[in-house]
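Starting from these lines, generate the structure:
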Amino acid sequence: MSENQKNSNFIVGFIVGGVVATVTTILLTPRNGKENRQVLRKTAQALPEMAEDFSSSVQINSNRISESARQKWDNTLNRLKVAISAGIEASQKDLNQG
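Got it, this is the predicted structure:
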């Protein structure tokens, strides 16, 4: 599964989980209708900020994953350079001895 699909699945799961939690809370709360409407209104007003925070969090995690992948690639590249240098050196020694 690709990283993009994992992120998409996470986002969908997060949204579905939030909706299920909201509906469950509304149905099981001991508040009356007027109080529920007030809570819903405040929640609806806070949604844009919450979405922005969530988006920022996803972006930060995406950057961290990208940075980790870049570091792993750099480490692999450095090991490859060392191995190539060692191979060249061994070949030159072999040519000089032969």
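
show me where pLDDT drops low in this structure?
Low-confidence segments of the chain (pLDDT under 70): 1-4, 98.

Helices of that one, start to end?
3-28, 33-97 (DSSP state H).

Same list, those helices, but as TSV with mean neighbour count please.
Backbone N, C-alpha and C define where each C-beta goes, glycine included. Converted to TSV, the helices of the chain look like this (neighbours: other CB atoms under 10 Å):
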stretch	mean neighbour count
helix 3-28	11
helix 33-97	10
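
got the phi/psi numbers for residue 30?
The phi/psi pair for residue 30 (degrees, to the nearest 10) reads phi -80, psi 10.

That one and residue 44: what is the separation?
21 Å (CB to CB, to the nearest Å).

and what of residue 59?
As defined by CB to CB, residue 59 lies at a distance of 24 Å from residue 44.

go on, residue 58?
From residue 58 over to residue 44 the distance is 22 Å, taken as CB to CB.

thinking residue 31 is in contact with residue 39, fair?
Yes. With contact defined as CB atoms under 8 Å, residue 31 counts as touching residue 39 (7.1 Å).
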